[in-house]
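Asker: I'd like to go over a predicted model; first the sequence, then the structure.
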Amino acid sequence: MAELNSDQNELILRRYAELEELRSMGVNPYPYDFAVTASSGEIIASFLDESPQRTVSIAGRIMSIRRMGKASFIHIQDAHGRIQVYFRSNDLPNYNEFKLYDIGDIAGVTGFVFRTKTGEITVHAPVRSNDGMNGRKKHQQIIGQQRNRDQRNQYLW
């Protein structure tokens, strides 16, 4: 097997540290399931500006991340294409968790579909709340993350 260079070793160590940090936050980095209600291709093909707001759940691999102050964008790719997802740090109580996500991770997101000022069809992951008996709001926009186990394992041997 080829030797890992120092950059690869640092990347692997950083990803393991991020994985442990997610676990310490109480996040299961390898969730069992996520209920997907739409695909990226179907969302883009069926979106109309004049249609009522639609809530969707999508999942796929994170292909790009753009953090721009209090707003962040990611592109998720599923079997049917790519779609942009928009997050605002003010809307996400678990924004520190989101900052640990990386390109290549698998993520599931629930939000409503809209068109940005630049014309791109996007899923906005707003705060969803389920009021518990104590009245505190429980938030969960980014449902899960999973590192590519095969890729991770190839570096372990």
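Answerer: Sure thing, it's come through.
Asker: Show me where this structure has its helices.
Answerer: For the chain, helices defined by DSSP state H occupy the ranges 6-24, 40-46, 95-98, 149-154.
Asker: quick one: the longest one to chain centroid distance?
Answerer: In terms of Cα atoms, centre = their mean, to the nearest Å, the centre of helix 6-24 is set 18 Å apart from its chain centre.
Asker: go on, stretch 64-82?
Answerer: Taking mean C-alpha positions (Cα atoms, centre = their mean), stretch 64-82 and its chain are 8 Å apart.
Asker: thinking again about what came up before, can you redo the helices of the chain as a markdown table with mean neighbour count?
Answerer: C-betas here are computed from N, CA, C, even on glycine. Below are the helices of the chain laid out as a markdown table (neighbours: other Cβ atoms under 10 Å):
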| stretch | mean neighbour count |
| --- | --- |
| helix 6-24 | 13 |
| helix 40-46 | 16 |
| helix 95-98 | 16 |
| helix 149-154 | 10 |
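Asker: of all those, which lies closest to Ala79?
Answerer: When these are compared by Cβ to Cβ, helix 40-46 sits nearest Ala79, at 8.4 Å.
Asker: Please list the outside residues in contact with the closest one.
Answerer: 56, 58, 60, 76-78, 80-83, 113, 121, 123 (Cβ atoms under 8 Å, 6 or more residues apart in numbering).
Asker: Over to stretch 66-75?
Answerer: 62-65, 82-90, 98-99, 101, 107, 122.
Asker: Just the buried positions in it, please.
Answerer: Buried positions in stretch 66-75, judged by neighbour count with 16 or more other Cβ atoms under 10 Å: Ser72, Phe73, Ile74, His75.
Asker: same question, stretch 103-123
Answerer: Asp105, Ile106, Ala107, Gly108, Val109, Thr110, Gly111, Val113, Ile121, Thr122, Val123.
Asker: Restrict it to CA atoms and write it as CSV.
Answerer: Only the C-alpha atoms of stretch 103-123 are listed here, as CSV (Å, rounded to 0.1, in the frame of the first residue of the first chain):
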residue,chain,number,x,y,z
ILE,A,103,-17.3,17.9,1.6
GLY,A,104,-18.0,14.3,1.0
ASP,A,105,-20.2,13.8,4.1
ILE,A,106,-23.7,12.5,3.7
ALA,A,107,-26.4,14.8,5.0
GLY,A,108,-30.2,14.9,5.2
VAL,A,109,-32.0,18.2,5.3
THR,A,110,-35.6,19.3,5.8
GLY,A,111,-36.7,22.7,4.6
PHE,A,112,-38.9,24.7,2.2
VAL,A,113,-38.1,25.3,-1.5
PHE,A,114,-37.5,28.8,-2.8
ARG,A,115,-35.6,30.6,-5.6
THR,A,116,-32.7,32.8,-4.6
LYS,A,117,-32.0,36.3,-5.9
THR,A,118,-29.5,34.7,-8.3
GLY,A,119,-32.3,32.4,-9.6
GLU,A,120,-31.1,29.1,-8.2
ILE,A,121,-33.7,26.8,-6.8
THR,A,122,-32.7,26.2,-3.1
VAL,A,123,-33.9,24.4,0.0
